[in-house]
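# Fold the following and give me the result.
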Amino acid sequence: MPLTVPRKARLATLGVAVVGLLAACGSERRSQPGNGAPLSFEVQHGWPLLPDGFTLGFVTGVDVDSHGHVFTFHGHTEWQVPFPEELEQADAIQIWDEVEGILVDSWGANTFRMPHGLSIDSMDNVWVTDVGHNQVFKFTHDGDLLLVLGEAGVEGSDSAHFAQPTDVEFGPDGSVYVSDGYVNGRVVNFSDQGDYRFEWGRRGDGPSEFNVPHDLAIDTQGTVYVADRERRPYGISMGLNGGYLFVVDGGEQPAAPPDRSGVVVLDQSGNIAARFGRFGNQDGQFMMGHDIALDREGNVLVVDVIGRRLQKFNPMR
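All right, here's what the predicted structure looks like:
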């Protein structure tokens, strides 16, 4: 039975993937913001300040709350299928002061099997996806569990199950979108209370079909942008007021470097407004950019899953 996608869930999938590919290959149309000056960003050296003896693991998710706290989601178990049964023993979620770059809190020990996506809603609740558990979790800012979607360890494609879900994003109406990515290749919509509403997508290369829907972004008009990882984009985030779409391009992964990992900034017509970052392990470079977020000041946060680090990029005024 064909699925009918509501107008509020208009797709903008292939445009993101195609422009990301063109940018990586060096073919681009460059746009400029309204004042005629090109967008540009520079890495903030020495940020964050890691506590003595602390190292980030395979950090896969990042977002910013309304108080200027940067949340990261990581684990110390390397990706492997089947996923290990053991839970991540250390705190999987870290909270950083965005200005000073210091670690102010952490939680989530002995909870997750394989951390993946992290998103923060308008009430500063923290939503994460665990591809090992096949579940989506909703927590308070301080780590109290509020809601669980999916059945632990059980893969499925119905309204009550996922198969390695990758990310969560929120519509203007407060509804919750889940990219059920690695196996099912679909996007599922729930109410803010976790009630199933509708879904669309399946594996394939046609319209409204995906290989691996890996990350989501939604603009103020309710248009849903889906980053299909196998078409290159790994993570996406909307800029201030929905003006630009920021895409972290994880890059193809050859047997040896160099690769083409970096960030592409697109305007609403899909033109490239800026690019920054490339393959490498120095400041401003990525081994594999995995997720991206923006704060209210326009600073860009990027997590590097292979480089095991978090970086902050400031817009040049």
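# any idea of the pLDDT on Leu118?
pLDDT for Leu118: 98.
# nope, Gly239 is what I was after
Gly239 is given a pLDDT of 86.
# burial measure for it, as a count.
20 (other C-beta atoms under 10 Å). C-beta here means a position set from N, CA and C on the backbone, and glycine is covered the same way.
# Asp105 now?
Neighbours of Asp105 (other C-beta under 10 Å): 15.
# now Val264
Around Val264 there are 26 residues (other C-beta under 10 Å).
# My read is that it contacts Ile272, right?
Yes - the pair Val264 and Ile272 qualifies as a contact (C-beta atoms under 8 Å) at a distance of 6.0 Å.
# which regions of the stretch 151-300 of the chain sit below the pLDDT cut-off?
240-242, 252-254, 257-259 (pLDDT under 70).
# let's see it at 90
205-208, 220-221, 230-232, 239-243, 249-261, 267-270, 279, 296 (pLDDT under 90).
# got the contact list for stretch 149-160?
Here stretch 149-160 makes contact (C-beta atoms under 8 Å, 6 or more residues apart in numbering) with 133-137, 161-165, 178, 180, 183-184, 186, 188, 190, 194, 196, 199.
# distance between the helix or strand hosting Asp215 and the chain's centre?
Here Asp215 sits within strand 213-218, counting by DSSP states H and E. Taking the mean of its C-alpha atoms, strand 213-218 sits 7 Å from the chain's own mean (C-alpha atoms, centre = their mean, to the nearest Å).
# Following element in sequence after that strand, please.
Counting by DSSP H and E, the next helix or strand C-terminal to strand 213-218 is strand 224-228.
# for that next one, the distance to its chain's centre please.
On C-alpha atoms, centre = their mean, the centre of strand 224-228 falls 10 Å from the chain's centre.
# Next, the angle from that strand to strand 213-218.
Counting by axes from the mean of the first three to the mean of the last three C-alpha atoms, to 10 degrees, strand 224-228 points 160 degrees away from the direction of strand 213-218.
# quick revisit: return the subset of the contacts of stretch 149-160 lying in helices.
Among the contacts of stretch 149-160, none falls in helices (DSSP state H).
# Selecting buried members of the residues you listed in ChimeraX, what would you type?
To isolate the buried subset of the contacts of stretch 149-160 in ChimeraX, counting by 16 or more other C-beta atoms under 10 Å, use the following:
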select :133,134,135,136,137,161,162,163,164,165,178,180,183,184,186,188,190,199
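# picking that back up, the strand holding Asp215 pairs with which strands, parallel or anti?
Sheet pairing for strand 213-218, assigned by DSSP bridges, gives strand 224-228 (antiparallel).
# Show me which parts of the partner strand are buried, residue by residue.
Buried, per 16+ other C-beta under 10 Å, within strand 224-228: 224-228.
# now the end-to-end length of stretch 121-137.
13 Å (C-alpha to C-alpha, to the nearest Å).
# now stretch 40-60
Criterion C-alpha to C-alpha; first-to-last residue distance in stretch 40-60 is 25 Å.
# ranges for the strands of the stretch 151-300 of the chain?
Secondary structure of the stretch 151-300 of the chain (DSSP state E, counting those that start in this stretch): strands at 167-170, 176-180, 186-190, 196-200, 213-218, 224-228, 233-238, 245-249, 262-266, 272-276, 289-294, 300-304.
# What lies in contact with the fifth one?
The one in question is strand 213-218. 117, 166-172, 177, 179-181, 185-187, 201, 224-229, 233-238, 245, 291.
# rerun at 7 Å
117, 166-167, 169-171, 177, 179, 181, 185, 187, 201, 224-229, 234-238, 245, 291 (C-beta atoms under 7 Å, 6 or more residues apart in numbering).
# So what angle separates the directions of it and strand 176-180?
Using the same axes, to 10 degrees: strand 213-218 against strand 176-180 is 160 degrees.
# could I get strand 213-218 in CSV with only the CA atoms?
C-alpha atoms of strand 213-218 as CSV (Å, rounded to 0.1, in the frame of the first residue of the first chain):
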residue,chain,number,x,y,z
PRO,A,213,19.0,7.8,6.1
HIS,A,214,21.6,8.9,8.6
ASP,A,215,20.7,12.4,9.9
LEU,A,216,17.7,14.8,9.8
ALA,A,217,17.1,18.5,9.7
ILE,A,218,13.8,20.4,9.6
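# in that strand, what's buried?
Result for strand 213-218 [16+ other C-beta under 10 Å]: buried residues 213-218.
# which one of the residues you listed sits closest to Glu78?
His214 (18.2 Å; C-beta to C-beta).
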